[in-house]
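A.B. asks: Sequence and predicted structure below; questions after.
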Amino acid sequence: MDFLSPGMIVGAVLVVILLWGFATYNSLVQTRLQVKEGWSGIEVQLQRRSSLIPNLVETVKGYAGHERTTFENVTNARAALQNAQGPAASAEANNMVMQTLRSLFAVAEAYPDLKANQNFLDLQSQLADTEDKISYARNYYNARVLSYNGTIAVVPNVFVARIGGFQPAEFFEAPAEAQAEVKVSFS
């Protein structure tokens with residue numbers, strides 16, 4: 001066994017550790033990218049909902065023009081959602097949008113002609129579909145965050161994560177009051 005000198009063994013161990021470090025780093029990068037992909041899915045659906053809101057407001061305005069405060073609240077909540085940065089701020093703004101939409105739907109409830117309007121019904125259907133997509137995107141994103149946060153927290157990955165500057169990601173959590181179902185049906 002002359003060919004296995006102590007220097008060669010130490011060198012081989014260092015090479016194995018170095019290769020493991022590279023593989024772990026690459027895995028962490030990939031997991032972090034999945035978190036970013038999940039977040040972009042939420043942003044797309046929140047933007048989709050934000051795009052529906054002006055049409056919904058205009059449709060309701062045609063029937064209930066005197067409900068100015070409700071329309072302003074919906075518009076302000078939509079602007080806050082569009083300007084929100086990161087999961088925590090977006091979750092808070094999302095909650096505001098949901099609350100103001102509940103108010104808007106309460107206004108619409110008082111107008112039977114509006115509830116029968118095809119444009120309103122189409123917007124209502126699109127909004128319900130968007131809410132389902134937001135829920136799916138939130139679940140997907142939070143699953144990616146759980147995986148990523150778990151990966152950077154376990155030994156021995158934690159050492160590579162610290163050296164590589166990997167930070168835990170935020171979950172997209174809805175406040176307790178936002179977990180109530182949004183009523184989008186007037187039947």
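C.D. replies: Here it is on my side, so go on.
A.B. asks: Please verify my assumption that Gly21 contacts Val160.
C.D. replies: Yes. With contact defined as Cβ atoms under 8 Å, Gly21 and Val160 form a contacting pair (5.7 Å). Where C-beta positions appear, they are placed from N, C-alpha and C, glycine not excepted.
A.B. asks: Who has more neighbours out of these two?
C.D. replies: Between Gly21 and Val160, Val160 has the larger neighbour count (other Cβ atoms under 10 Å), namely 19 against 15.
A.B. asks: Show me what counts as buried in the helix or strand hosting Ile134.
C.D. replies: Using DSSP states H and E, Ile134 sits within helix 118-153. Within helix 118-153, the residues that count as buried by 16 or more other Cβ atoms under 10 Å are 120, 123-124, 126-127, 130-131, 133-134, 137-138, 140-142, 144-145, 148-149, 151-152.
A.B. asks: helix/strand/coil for the residue nearest the centre of the chain?
C.D. replies: Taking Cα atoms, centre = their mean as the criterion, Ile42 is the residue nearest the geometric centre of the chain, at 3.6 Å. For Ile42, the reduced secondary structure class is helix; criterion used: DSSP: H, G, I helix; E, B strand; the rest coil.
A.B. asks: Could you list which residues are in contact with the residue nearest to it when sequence neighbours are not counted?
C.D. replies: Using Cβ to Cβ, 6 or more residues apart in numbering and skipping residues adjacent in sequence, the residue nearest Ile42 is Ala137, 4.5 Å away. For Ala137, the residues meeting the contact criterion (Cβ atoms under 8 Å, 6 or more residues apart in numbering) are 38, 41-42, 44-45.
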